[in-house]
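Asker: Here is my input, please return the structure:
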Amino acid sequence: MAIKNKLICNPVTGQDIKFLQTNGDTAGTLLEIETTYNAHSKEPAAHYHPYQTEDFRVITSELTVRINGQLKILKPGDSLHIPAYQVHAMWNHTQA
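Answerer: As a prediction, this is how the structure comes out:
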């Protein structure tokens, strides 16, 4: 369950997620998270969201994204919008 300030860690993919705003905070209009992909994290299984769009902004390091089978490298300051039903996966391939 998403609760504001809750931190969950996935040791398999090397991803940490902190919930900033949840359903309870925004009356169901927004789920805002901050996620950290540890250095040399593994590519997770690709997935999609049937009812949600996602917006990402890279703060530090780089983020590798596979979206509809194509690879993209995002750098600090880069943003990415992912519409509903668009298959994607993301991870940190760098040493930082």
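Asker: My guess is residue 4 contacts residue 26. True?
Answerer: No. When contacts are counted by Cβ atoms under 8 Å, residue 4 is not listed as touching residue 26 (10.2 Å). Yep, even glycine has a C-beta here, placed from its N, CA and C like the rest.
Asker: just checking, residue 80 is part of a strand?
Answerer: Yes. Judged by DSSP: H, G, I helix; E, B strand; the rest coil, residue 80 forms part of a strand.
Asker: Distance check, it against residue 3.
Answerer: Between residue 80 and residue 3 the computed distance is 26 Å (Cβ to Cβ, to the nearest Å).
Asker: Looking at the two now, which is surrounded by more residues?
Answerer: residue 80 (16 against 10; other Cβ atoms under 10 Å).
Asker: doesn't residue 74 make contact with that one?
Answerer: Yes. Counting by Cβ under 8 Å, residue 74 is a contact partner of residue 80 at 6.1 Å.
Asker: Give the residues shared as contacts by those two.
Answerer: Residues touching both residue 80 and residue 74 by Cβ atoms under 8 Å, 6 or more residues apart in numbering: 56, 65.
Asker: contacting residues around the residue nearest to the spatial centre of the chain?
Answerer: For the chain, the residue sitting closest to the mean C-alpha position, by Cα atoms, centre = their mean, is residue 35 at 5.9 Å. For residue 35, the contact set (Cβ under 8 Å, 6+ apart) comprises 15, 16, 17, 18.
Asker: try 6 Å
Answerer: Residues near residue 35 by Cβ atoms under 6 Å, 6 or more residues apart in numbering: residue 17.
Asker: Residue 91 now?
Answerer: Counted by Cβ under 6 Å, 6+ apart, residue 91 has contacts 37, 41, 43, 64.
Asker: what's the distance between it and residue 77?
Answerer: With Cβ to Cβ as the criterion, residue 91 and residue 77 are 19 Å apart.
Asker: one step back: parallel or antiparallel, which strands does the host helix or strand of the residue nearest to the centre of the chain pair with?
Answerer: Secondary structure assigned from DSSP states H and E places residue 35 in strand 32-37. As defined by DSSP bridges, the strand partners of strand 32-37 come to strand 15-21 (antiparallel).
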